[in-house]
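Colleague: Using only what follows, build the 3D model:
(one chain, ligands or ions: 2)
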Amino acid sequence: MIELDSITKYYGNYPAVTDISFRVEKGEILGFLGPNGAGKSTTMKIITGFVPPTEGTCSVAGNDILTNSLAARRHIGYLPETVPLYTDMTVSDYLEFMGRIRELKGEHLRKRVDSVVQICRLEEYFDTFISKLSKGFRQRVGIAQSIIHEPDVLILDEPTIGIDPIQVVETRELIKNLGGEHTLIVSTHILPEVSMICERVIIIHEGQIVAVDKPENLATRLRGTERVEIDVAGPTREIVSALEKVPGVESVNRKNSLSDKGYSSFEIEAERGLEIRSELAISIVKNKWDLLRLEAVGMSLEEIFLRLTTTEDATQDGENLGIEEVSNNE
Ligand SMILES: Nc1ncnc2c1ncn2[C@@H]1O[C@H](COP(=O)(O)OP(=O)(O)OP(=O)(O)O)[C@@H](O)[C@H]1O
Ligand SMILES: [Mg+2]
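Modeller: Ligands and ions are numbered 1, 2, ... in the order given. Sure thing, here's the model as predicted:
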């Protein structure tokens, strides 16, 4: 649905993005994650035809964004970083106006305005001047205008920025629901948001892609091992020695001393990609110890992000663990 091939963008002599390639399939929700100045908005502006790339090509629904711009843009709904709202218009006037720009008219236009107002929960503010809306509701109006023409591709640049925690939950839910019908790219700084909304994430750093994968896979790839935590009631030394014998287990560490409740917690590491949980459980049960908890633990997305974007050899880290390989396949 969206295809970027070797996109580079220079602002003057400054390379904002360098040699970026990826594809987004129909119906997919892709997250764009990166620190300030990484090149997220620039890449989105290129996809939506707002700025031309210096090199490379980009197409949306098979239409080149430069040579077949209008056809490509008909497929796209865009929520820019700064939403261009006309504050002296009411919500309904503004949405109608945006609909007209998108070539909607008459009854159909009215129906679409009603429909996006409903989807974005703006009913109460239908006749309110935009100047009187809070930041969160302005953001919703921004999302509403981006879907007015029923585009199949949606590009949302930091849709939840500046929204309070209560509204954020609703807005995320709204975005997730949009994912069903649209192909979506969402940029964000908020790491948990990526796992909540996105099926796949591109981590971008200094204008380059440093990782592409499902949020949950990024964790295991980077860590290099599988980690499992268990709580078991029984004799510590024997438990450790039994678990160490489970095939694939590399280390067993007790995390705390025996708790009041009579069990200890252990952290077990195994080779990457190995599923050891059932063997661990069998070993414990065979020994007639009580298994109280068994859980695979991932590296938090925060840890991953910091490792990819703050270490000097960020890309090298990726290469060692096969991440570079993943991004080339995209
Ligand atoms: N119009 C412009 N002229 C010159 N430099 C620009 C322009 N727009 C962006 N840049 C530079 O390009 C780089 C990438 O900017 P971009 O806005 O794409 O980052 P971003 O990942 O969206 O960051 P943020 O998280 O802060 O929104 C930055 O170093 C920025 O200063
Ligand atoms: Mg940005």
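Colleague: mind giving me the domain split of the protein?
Modeller: Per automatic domain parsing, the domain ranges recorded for the chain read 2-219, 224-296.
Colleague: and of these, who's closest to ligand 1?
Modeller: Nearest to ligand 1 among the domains of the chain is domain 2-219; the distance by C-beta to the nearest ligand atom comes to 3.2 Å. Placement of C-beta: from N, CA and C, glycine included.
Colleague: Just list whatever residues bridge to the nearest residue to E199 once chain neighbours are set aside.
Modeller: Nearest residue to E199, sequence neighbours excluded (C-beta to C-beta, 6 or more residues apart in numbering): I29, at 5.2 Å. Beta-bridge partners recorded for I29 (DSSP bridges): L184.
Colleague: my read: I29 touches L184, true?
Modeller: Yes - using C-beta atoms under 8 Å, I29 is in contact with L184, at 4.5 Å.
Colleague: residues near the residue in the stretch 201-330 of the chain positioned nearest to ligand 2, how many?
Modeller: The minimum distance from the stretch 201-330 of the chain to ligand 2, using C-beta to the ion, falls at I204 (10.5 Å). Neighbour count for I204, taken as other C-beta atoms under 10 Å: 25.
Colleague: Just to be sure, it is in a helix?
Modeller: No - per DSSP: H, G, I helix; E, B strand; the rest coil, I204 lies outside any helix segment and is strand.
Colleague: contacting residues for the closest residue in space to it that isn't next to it in sequence?
Modeller: Leaving aside its sequence neighbours, I204 sits nearest to G34 (C-beta to C-beta, 6+ apart; 4.0 Å). By C-beta atoms under 8 Å, 6 or more residues apart in numbering, G34 lies in contact with 40, 187, 203-205, 309.
Colleague: which of those residues has the most neighbours?
Modeller: I203 (27 neighbours).
Colleague: wait, isn't that residue in contact with T309?
Modeller: Yes - using C-beta under 8 Å, I203 is in contact with T309, at 7.1 Å.
Colleague: shared neighbours of these two, anything?
Modeller: The contact sets of I203 and T309 overlap at 34, 210 (C-beta under 8 Å, 6+ apart).
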